[in-house]
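Trainee: below are the sequence and a predicted model; questions follow.
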Amino acid sequence: MNETTSSKPLLCLALPAWAGNYTKSTVELMKAMSEHRSVLYIDYTYTWKDVLMGFLGKKPGLPLWRVLGLKSRVREVSAQLHVWSLPPLLPINGLPPGLAFQVVHRINSFLVQSSITKAIRIWNGADFVAINACQALYNRALQNLPANKNIYYCYDEIAAAQWTDRHAARYEKEAIQGADALVCSGSQLLAQKRQNGQPALQIPNGVDPLFLQTQRTDQPQARPIVGYVGSLDERIDLDLLETVIRALPEYDFSFTGRLQQPHIQQRLAAHPNVQFHPPLAYRALPERMKDFSVGIIPFLRNNLTAGIYPMKVNEYLALGLPVVSTGFGDMHQLQPWAIVADQADAFVHALRTELSNDHPDKQRQRRAFAAQQTWQARAMQLNELIEKL
């Protein structure tokens, strides 16, 4: 892999897996960054348990032969973007703090550092910048590498998330303290995690230009479609959502995404105006969303959602859709582009008002706002921070 720009290459130690059936901010940001500099994406830390599940066909997206080293660990996405598969690690998430955890963590950290040391040989000793994308558990392995600068990128409150292991939160503080700069997707995350005197920047989630290029269905819908795309998980305000669905039997409600909590579908699918769809590839989402009449983000307000700047808000706006959301995270900052309603009756009123008052001028204004929020624009922000460092 040859460097084609004067910018230092970028190594990203990532918590999210490169492949998958949902959109990941780290993946999208690194794709956009590869337009400015060479990027090496260190893929998710799969364990031997994952390998076993892969052999059983229960781990879709797992690059099994690359993880086992039976196929090249590096795969080329583009001339400037490569993905590196780490070897299998020992399962660690179920271990309580203590000696056993410390031993396994030390072994895993050695494996991560040794593999990345091999990976960066493709740069032939050139200076590089390292960014840790919420992979706090193995940050020490990253800091032991000869990176020119280290940046910590935080896009979720991992201390409150169910999808992180029980150890990540205590390692995150150490990772942030050791970083040369901090980047957060949400303003509240930035305020909470920033260290005194540390260079820090909010880089909100962006949107793919593909959404801007997609034209909404011109024909008026016989029944308005209230659409949601994204994971159906512990963030969903299920009580509010069910009350809204009951109050609007003349509207159809469409949900597309990973069903991480089956009881959400069990409760909502009982209503005849609700449809659930499996997750789609990112580039297929605009075709599904172009038939929506309005986009919603019905999240709870708690410690998990307090730091969120949702990707879906810019995706909705890029299609010219009105947006109704609860007031979690940075949503209040996005008014008037998104209407905030925290109570079910207010949410119902907002949906009716936005749909009755929607017109082409408003749709053009929403698209114009979203056009300034692309991943390419976000990459420019990160690139400028790196250059300043």
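Mentor: Sure thing, it's come through.
Trainee: who's in contact with V229?
Mentor: T256, G257, L285, R288, M289, G295, K312, E315 (C-beta atoms under 8 Å, 6 or more residues apart in numbering). Glycine gets a C-beta too; all of them are placed from N, C-alpha and C.
Trainee: contacts only, for the residue nearest to the fifth one when sequence neighbours are not counted.
Mentor: What sits nearest to M289 in space, not counting adjacent residues and going by C-beta to C-beta, 6 or more residues apart in numbering, is L319, at 5.6 Å. L319 is in contact with F211, T214, R216, P286, M289, K290, F292, G295, R367, counting by C-beta under 8 Å, 6+ apart.
Trainee: just flag the most distant two among these.
Mentor: Farthest pair in the contacts of L319 (C-beta to C-beta) is F292 and R367. Separation: 14.3 Å.
Trainee: neighbour-wise, which of those two wins?
Mentor: Shown here are F292 and R367; by other C-beta atoms under 10 Å, F292 has more neighbours (24 against 17).
Trainee: can you check the pLDDT for the more buried one?
Mentor: At F292, the model reports a pLDDT of 96.
Trainee: and it, that's in a strand?
Mentor: No. Applying DSSP: H, G, I helix; E, B strand; the rest coil, one finds F292 to be coil, outside a strand.
Trainee: quick one, what contacts it?
Mentor: Contacts of F292 (C-beta under 8 Å, 6+ apart): R216, I225, V226, G227, S254, Y316, L319, L321.
Trainee: what's the helix or strand of the chain with the lowest mean pLDDT packed up against?
Mentor: Every helix and strand in the chain was compared by mean pLDDT, DSSP states H and E; the lowest is helix 168-177, with a mean of 90. Applying 3 or more C-beta pairs under 8 Å, 6 or more residues apart in numbering; DSSP states H and E, we find helix 168-177 packed against helix 139-143, strand 149-154.
Trainee: so which of the ones you listed comes closest to R378?
Mentor: Going by C-beta to C-beta, the one of the helices and strands packed on helix 168-177 nearest R378 is strand 149-154, 11.2 Å.
Trainee: for that closest one, list the C-alpha coordinates in CSV.
Mentor: Provided in CSV are the C-alpha atoms of strand 149-154 (Å, rounded to 0.1, in the frame of the first residue of the first chain):
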residue,chain,number,x,y,z
LYS,A,149,-0.1,11.5,17.5
ASN,A,150,-2.9,9.6,19.3
ILE,A,151,-6.6,10.6,19.1
TYR,A,152,-9.5,9.1,21.0
TYR,A,153,-12.8,9.1,19.1
CYS,A,154,-15.9,8.6,21.3
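Trainee: hmm, who's touching it?
Mentor: Counting by C-beta under 8 Å, 6+ apart, residues outside strand 149-154 touching it are 26, 29, 129-134, 139, 142-143, 172, 175-176, 178-185, 189, 193, 307, 385-386, 389.
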